[in-house]
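>>> what follows is a predicted protein model with its sequence.
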4 protein chains.
Amino acid sequence: MTMSDVRTLARRIADIMLKGEGTGPYWGIRVEDADVGYSKISMTVREDMLNSHMIAHGGLIFALADTAFAYACNSHNQAAVAQSASIVFTSPVKNGERLEAEAREVALIGRSGVYAITVKGGDGRVVAQFQGQSRVVGGKIVEE
Amino acid sequence: MTMSDVRTLARRIADIMLKGEGTGPYWGIRVEDADVGYSKISMTVREDMLNSHMIAHGGLIFALADTAFAYACNSHNQAAVAQSASIVFTSPVKNGERLEAEAREVALIGRSGVYAITVKGGDGRVVAQFQGQSRVVGGKIVEE
Amino acid sequence: MTMSDVRTLARRIADIMLKGEGTGPYWGIRVEDADVGYSKISMTVREDMLNSHMIAHGGLIFALADTAFAYACNSHNQAAVAQSASIVFTSPVKNGERLEAEAREVALIGRSGVYAITVKGGDGRVVAQFQGQSRVVGGKIVEE
Amino acid sequence: MTMSDVRTLARRIADIMLKGEGTGPYWGIRVEDADVGYSKISMTVREDMLNSHMIAHGGLIFALADTAFAYACNSHNQAAVAQSASIVFTSPVKNGERLEAEAREVALIGRSGVYAITVKGGDGRVVAQFQGQSRVVGGKIVEE
């Protein structure tokens, strides 16, 4: 495949994963960009995503980063799942704020991958940093 | 306060936090038990919580653990927020499965706390283990 | 094997691992207790373990917890390795302080395990909490 | 200060921290590069850094990454300490292998910072990825 082909395939995989999952469409997630080992997605925080302090629930910020992670680690068209992840929260997020999560592949050695995901707020500040470990479990996402 | 009083207060805090947040009621979270530095909550996995592999999205499993963490670290009636967290996923979770997350305080030194949360499936198997770090930011949750 | 046998085997494994590694003997690590899925070890902080603030280097506190983790996750006499780990530091540690790390198995499902390790200082306060994920790679540690 | 001045200061801070700590000189750590929010350091694995499988102990790989993290998060000449960290191990490391850890600042908001550290082996493969959270505690490292 050419560089353009793998990029097109990565985008197709992200689109199909988003369409096929219960979470992304409900949260209003949009795929902004996709490539091999890469994804950029966005989500706008709503009232049902707030905690009792009226800021975005950490679980939703994690879920957004985890979704970007999933699209990136499945972009090779080999089904992969998350094994572990960690997140650092650096700034609170308000209702109505548009968040963008960008996932980059740091390494993929054998079946084991590691990805770094940065979540930014509407003004570009970093609101969370996420590190995820994936494991390839086999099977394809789409027919090539 | 007596042991019984602090336990009653912890339960009141968990109930008020759940009622006041956008996420918990939407996810159908129920408080099963609460005490100082402790909480046990439950959630039943629904279709809108599934990923494209038709198993529970890791983000929701994290969010459940994170919610138990929030109730436990706020149980002293001093507002606290999550600073960082990490999670290990040990078993996939199916649609319709009832999950239970139990949060225990490992340490609270000054403003800094650390909590261990175990998430179990309907059959009692561990599906995820979560470790969270909190920071007390001041202010009360409820009037005593 | 009886309960007593597996406990004896776990201790033998920890002793053999400690003896066979470069790190533990150098750091002065001692096995205090061992059982299936469990270990308790100790280490006394020395000058060559301090950072530039003259407190114990976080890397050594991690290394102590990681060592307890290794003994616990290999205690089934099936070689296992660390895949990921996270640590929260809750209190600084002084030169000369004796640390104790206690590792407990939270879950072992198939080849994947998760362990919680608490590191305590000489006065019993928690100085760090560690969460580790292991993977069984096959092979025995000792002949039974 | 000019760009050149802050870079010189960052290097001076890393050199002073390395000289003043018990760990780095013992491990043979060398500062390869330093800048504001950045450091690159190296270490060669020795026998006393091996675990019982005769590969580099995870605790030492963590300690190397943690050291790069410390130099990077103190590079603003405001004393900062690690609060939490997580690491994913992606490839085993042999005796005698030269490791390089490169730390980059992802965000520094108020007193709270987050850093991503990549550890590479002699052949350039990623052997571990580390994510660390720091907190500025006040005080300077060097007089300007």
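That came through fine.
>>> when you work out contacts or count neighbours from here on, use the C-alpha atoms and nothing else.
Fine.
>>> tell me which residues in stretch A:78-92 are buried?
Buried residues in stretch A:78-92, defined by neighbour count with 16 or more other Cα atoms under 10 Å in any protein chain shown: A:78-91.
>>> of these, which are in range of chain B?
When Cα under 8 Å from any Cα of the partner chain is applied, the members of the buried residues of stretch A:78-92 adjacent to chain B are A:82, A:83, A:84, A:85, A:86, A:87, A:88, A:89, A:90.
>>> can you give me the buried ones in stretch A:135-144?
A:135, A:136, A:141.
>>> hmm, residue A:36 is touching residue A:75, no?
Yes: with contact defined as Cα atoms under 8 Å, residue A:36 reaches residue A:75; the gap is 5.4 Å.
>>> list residues touching both of those two?
Applying Cα atoms under 8 Å, 6 or more residues apart in numbering or on different chains, one finds that residue A:36 and residue A:75 are jointly contacted by residue A:10.
>>> helices of chain A, residue ranges please.
Remark: helices assigned in chain A by DSSP state H are A:3-20, A:23-27, A:58-73.
>>> ramachandran coordinates for residue A:91?
Torsion angles at residue A:91 (phi, psi; degrees, to the nearest 10) stand at phi -160, psi 140.
>>> an error on my part: the question was meant for residue A:2.
Dihedral angles (degrees, to the nearest 10) for residue A:2: phi -80, psi 170.
>>> re earlier: of residue A:36 and residue A:75, who's got more company?
Each of residue A:36 and residue A:75 has its neighbours counted (other Cα atoms under 10 Å in any protein chain shown); residue A:75 has more, 26 against 21.
>>> tally up the residues packed near the nearest residue to the more buried one once chain neighbours are set aside, please.
Distances taken as Cα to Cα, 6 or more residues apart in numbering or on different chains put residue A:10 closest to residue A:75, at 4.8 Å, once the chain neighbours are dropped. Look at residue A:10: counted by other Cα under 10 Å, it has 27 neighbours.
>>> what do you get for residue A:122?
15.
>>> residue A:3 now?
Neighbour number of residue A:3 under other Cα under 10 Å is 10.
>>> and the pLDDT at it?
Per-residue pLDDT puts residue A:3 at 80.
>>> and if you look at residue A:105?
pLDDT, read off for residue A:105, is 98.
>>> what does residue A:60 give?
Turning to residue A:60, the model gives it a pLDDT of 97.
>>> repeat that for the one 4 residues further on.
Predicted confidence (pLDDT) at residue A:64: the value is 98.
>>> quickly list what the closest residue to it other than its chain neighbours is bridged to.
Take residue A:64 and drop its neighbours on the chain: the residue closest to it by Cα to Cα, 6+ apart is residue A:101, 6.8 Å away. Counting by DSSP bridges, residue A:101 is bridged to residue A:41, residue A:119.
>>> gap between residue A:101 and residue A:31?
Going from residue A:101 to residue A:31 by Cα to Cα, to the nearest Å gives 10 Å.
>>> please identify the most buried of the helices of chain A.
helix A:58-73 (a mean of 28; mean count of other Cα atoms under 10 Å in any protein chain shown).
>>> what packs against it?
Here helix A:58-73 touches helix A:3-20, strand A:38-44, strand A:80-89, strand A:98-109, strand A:112-120, strand A:126-136, helix B:58-73, going by 3 or more Cα pairs under 8 Å, 6 or more residues apart in numbering or on different chains; DSSP states H and E.
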